[in-house]
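Trainee: let's see this in three dimensions:
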Amino acid sequence: MTSRIREREFSTVIIILAVTVVIVLGVLQYRWSNQVSEATSIRLADSLQMSMINWHLDFFRVLSEVCAALRDDSDSSSQDGWDQYARRFADWKKSTANPDLVAELYILQYRKTSAARVLRLARSGQRFEQSDWPSNFRQLRDEIQQHASKSAADGSSGSTDGANFPAGLDRNAFGNSFYPGGPLAGWQFEPQIPALVRSVTGARSSSGRQVSAPNAGDWIVIALDRSDMRNKILPALAQRYFRGTDGLDYQIAVTTGDNTGRVLYSSDVGFGDAKVPDADGTMNIFARPRDHGQGSPIHIFHTPSQENGPAASVAVTWFPLLEDKGTDEDWRLIVRHRRGGALGAFIADSRRRDLAISFGVLFLLVISVAILIFTSTRAQRMAKLQMDFVTAVSHELRTPLTIISSAAENIADGVVEGKSQLEQYGSVIVTQARKLFEMVEQILLFAAIREGQQRYSLRPLQVPEILDAALSATAGLIRTAGFQVEQEIEPDLPRIAGDLLALSQCVQNLITNALKYGNEKKWIGIRARLTEHGLNGKEVQISVSDRGIGIAPEEFRQIFEAFYRSPSVTAAQIHGTGLGLPLAKSLVESMKGEITVKSVPGRGSTFTLHLPCLEPAVRQVEGKTTESVSA
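Mentor: Below you'll find the predicted structure:
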């Protein structure tokens, strides 16, 4: 009893330690998963930010090439000067990778004494010729007239080298390319047309010397081709900077920022048509700050270092807008992760999936530990039961062997005299030998059942036939023990399908148990009856009762385990191997039956075999009526 308590205490300690380890691992896994998700989020956000900036720089390079080609010239004050622009434009088209980027090239001329006129580069590309105002230049015309009026009012030259920088944006941040004398000096972006524009009034030569141009108020306008940007330039940039192993990793859209909210380019049909609240990244392409002139023009879904990150320097490469327009008129790049929605949701889903897998592994670990503990405990218990079995069998074998040995020695030494004494000693030897034989047979039968080698010969059996075989085999034991057997068998019980030897062995084991534990009452009751058994129909119940020491309710399951013997039985020094009930259970279950027990400590026990009966069926065979059986 003490050893069992110690085993339980040990198992409890092991379980507590295992649960503690699992909880600690679960907490650590949760923290590690959060840290990994946060690091992954930052890494992806920084990677996305750099991709957007590189996209942004490459797009600027495409636009700035034509501006650099049409840089200021000290000789641009005459028609010949405009023709030099035409020649430079032709040279640019020959060398550039995007010759269709420019739709038209215009010169807008303003004079104090005459109305403004428009010069358009001829289709030949050799010189400029007079043209009507393009219909989409209305807003640009108004803005240029405002510049001219302002210049006339304050007496300034109207130079736009400094550009109209938005409030809160450092004009010096646009870099040396936009300084006077730089190749991009004075160039500004008009988002509505779209066009790149520059006033040639007071232009500077490449040496930086101020040139006094008589053509005051002249402007050069590079009208960009939306179709070329939509179908060639922007798709190429998207593939270059947002492509993964299986195509684009992101959905890309470029909106023109005009009042209609029109999409200039979209990698996916419908993306960017409406507001994208879960965009992973947005960028005001022409360097308009997002928050009333404050902060970076790039917004990434999650970048803790964004304030000091690479986006802080993005303004160094972008054209200022022609007028100080609101951010809703700036062009905008919109990016959203393609697989699993926005990156934030994608990372959250990945984190949940990783946690599910991790906790699933921990759960399997818990199950494995539980199975290991259960198996180890059961193996230890089984080993102890087997040792008890060996001890019990040794005691059971010792008694008959001692008796047989003593009887044989007496006969050999001539102690036995006369025929009556010889017969008496012979009877003792036979009885004890039968006990040994039955014990060995029981052990072999148990081994055969455990190995699945036992074979049964099933046939229809009458209940009295089974009981007679069992009582005949135990008659000597009943007579020697002085027990009284009472039988109550219902008449006309239906037959059952089974093996006679196996079923009689079951009843025999129950009778033997009743003899061992029947106490001083020395009474055994055997009852057979037919009962209804739920959905299975009718069954025959064979019960064996005694008025002995009884069984505690908590031991009902254990008594059918191999080698198990109750502590109270062991304390009472009642001999046995612990195989009788397990054998009876295995045998009756092989006949599609079951065994149950009812017991009250101190008042006795009743073991019942539940056997399905065979219903008679009548059929005609060649004009004769025969009876067959079916389960």
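Trainee: switch to C-alpha atoms for all contacts and neighbour counts from now on
Mentor: OK.
Trainee: which residues of the stretch 401-550 of the chain fall in strands?
Mentor: Using DSSP state E, counting those that start in this stretch, the strands assigned to the stretch 401-550 of the chain run over residues 459-461, 484-489, 496-498, 523-532, 538-546.
Trainee: excluding sequence neighbours, find me the nearest residue to residue 532.
Mentor: residue 538 (4.5 Å; C-alpha to C-alpha, 6 or more residues apart in numbering).
Trainee: now do the contacts for that neighbour.
Mentor: Counting by C-alpha atoms under 8 Å, 6 or more residues apart in numbering, residue 538 makes contact with 530-532, 612-613.
Trainee: what of residue 196?
Mentor: 67, 187-190, 221-224.
Trainee: any chance of those residues in TSV, with pLDDT too?
Mentor: Formatted as TSV, the contacts of residue 196 follow (pLDDT from 0 to 100):
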residue	pLDDT
67	89
187	86
188	86
189	87
190	86
221	91
222	93
223	93
224	93
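Trainee: save those residues as a markdown table, and put in secondary structure too.
Mentor: As requested, the contacts of residue 196 are arranged in a markdown table below (DSSP: H, G, I helix; E, B strand; the rest coil):
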| residue | secondary structure |
| --- | --- |
| 67 | helix |
| 187 | coil |
| 188 | strand |
| 189 | strand |
| 190 | strand |
| 221 | strand |
| 222 | strand |
| 223 | strand |
| 224 | strand |
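Trainee: just the buried residues of those.
Mentor: Of the members of the contacts of residue 196, the ones counted as buried by neighbours, 16 or more other C-alpha atoms under 10 Å, are 67, 187-190, 221-224.
Trainee: what's around the closest residue to residue 521 other than its chain neighbours, how many residues?
Mentor: Counting by C-alpha to C-alpha, 6+ apart, residue 521 lies nearest to residue 547, which is 6.2 Å off, once chain neighbours are set aside. If you count neighbours by other C-alpha atoms under 10 Å, residue 547 ends up with 23.
Trainee: verify the stated contact: residue 547 with residue 600.
Mentor: No: using C-alpha atoms under 8 Å, residue 547 makes no contact with residue 600, being 9.5 Å away.
Trainee: surely residue 352 is in a helix?
Mentor: Yes: under three-state DSSP, residue 352 falls within a helix.
Trainee: tell me how far it lies from residue 34.
Mentor: Distance of residue 352 to residue 34, computed by C-alpha to C-alpha, to the nearest Å: 10 Å.
Trainee: same check, this time on residue 546
Mentor: For residue 546, the distance to residue 34 - C-alpha to C-alpha - is 67 Å.
Trainee: same question for residue 409.
Mentor: Per C-alpha to C-alpha, residue 409 is found 85 Å from residue 34.
Trainee: what's in contact with stretch 460-476?
Mentor: 489, 493-498, 500, 503-505, 507-508, 511-512, 528, 614, 629.
Trainee: in the sheet, which strands lie alongside the strand or helix carrying residue 282, parallel or antiparallel?
Mentor: In the assignment (DSSP states H and E), residue 282 maps to strand 281-284. Strand 281-284 has the following strand partners under DSSP bridges: strand 298-300 (antiparallel), strand 332-337 (antiparallel).
Trainee: quick one: contacts of the longest one?
Mentor: If I follow you right, that is strand 332-337. Against strand 332-337 from outside (C-alpha under 8 Å, 6+ apart): 249-257, 272, 278-285, 342-343.
Trainee: in strands, which of the residues you listed fall?
Mentor: 250-255, 281-284 (DSSP state E).
Trainee: gap between the residue nearest to residue 532 and residue 458?
Mentor: For residue 538 relative to residue 458 (C-alpha to C-alpha), the value is 19 Å.
Trainee: for residue 256, the count of nearby residues, please.
Mentor: Using other C-alpha under 10 Å, residue 256 has 23 other residues around it.
Trainee: which non-adjacent residue is nearest it?
Mentor: Nearest to residue 256 is residue 331, by C-alpha to C-alpha, 6+ apart, at 4.5 Å.
Trainee: for stretch 611-623, what is the average pLDDT?
Mentor: Average pLDDT, stretch 611-623: 54.
Trainee: same question for stretch 387-394.
Mentor: On average, stretch 387-394 scores 66.
Trainee: what's the answer for stretch 538-555, then?
Mentor: 87.
Trainee: what comes up buried for it?
Mentor: For stretch 538-555, by 16+ other C-alpha under 10 Å, it's 538-551.
Trainee: same deal with stretch 99-109?
Mentor: Residues 100-102, 104-109 are the ones in stretch 99-109 that count as buried (16+ other C-alpha under 10 Å).
Trainee: repeat for stretch 16-27
Mentor: Buried, per 16+ other C-alpha under 10 Å, within stretch 16-27: 18, 22, 26.
Trainee: distance from that stretch to the middle of the chain?
Mentor: 21 Å (C-alpha atoms, centre = their mean, to the nearest Å).
Trainee: can you tell me what sits against it?
Mentor: 359, 362, 366, 369.
Trainee: apply 10 Å and report the result again.
Mentor: 10-15, 28-33, 355, 358-359, 362-363, 365-366, 369-370, 373 (C-alpha atoms under 10 Å, 6 or more residues apart in numbering).
Trainee: same check on stretch 410-418?
Mentor: 404-409, 421-426.
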